[in-house]
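A.B. asks: Okay, predicted coordinates and the sequence, questions at the end:
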Amino acid sequence: LFSFSPTTTKTKQVHLTHPPDKSLFWRWHSEGAGMLSSVEAIYYASWECAEALGWEEQDKQDLVHLLWLFAIQRVCVHDSARRDGRHPAYTDAAKEERRDMRRQKGTDKQLRHPADSKRLTEQKERRKKTQEEAAQQHQHADSI
């Protein structure tokens, strides 16, 4: 999404040398393999920098602390989903469910969309008319 915005297309971008195929945190997307949450990208970029700078193995291992709060959140998401009988948001099954919800072409959602749009427009017009009538009555009452 970042690269599709006209205001950000000229922003410098970096690419990880070896991104993981699968995000442990990102909930869902349709961008393909190797897409990560921001914190994961920071972690893997830091790891690559540490390797390039010749850090000791233990120092590189300490980078995992960047993910600590997100790991706690992941456990909470996992527990909540299991308690509610759902797939945790970071699983392949849940990601596919979210993609299916967003997909419209050739679905009932696409077919009903024009009708929804018309209904919402009519509701908005009725609400506006009701407000205008109330304002007119209020003005009329003030003038008496």
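C.D. replies: Alright, I've got the coordinates.
A.B. asks: Helix, strand, or coil at the nearest residue to residue 36 once chain neighbours are set aside?
C.D. replies: What sits nearest to residue 36 in space, not counting adjacent residues and going by C-beta to C-beta, 6 or more residues apart in numbering, is residue 23, at 4.9 Å. Any C-beta I mention is one placed from the backbone N, CA and C, and that applies to glycine too. What DSSP: H, G, I helix; E, B strand; the rest coil gives for residue 23 is coil.
A.B. asks: how about residue 23, phi and psi?
C.D. replies: Dihedral angles phi and psi of residue 23 (degrees, to the nearest 10) take the values phi -80, psi 140.
A.B. asks: which element is the closest residue to residue 67 other than its chain neighbours on?
C.D. replies: Nearest residue to residue 67 in three dimensions, chain neighbours excluded: residue 43, at 5.8 Å (C-beta to C-beta, 6+ apart). Element membership for residue 43, per DSSP states H and E: helix 38-52.
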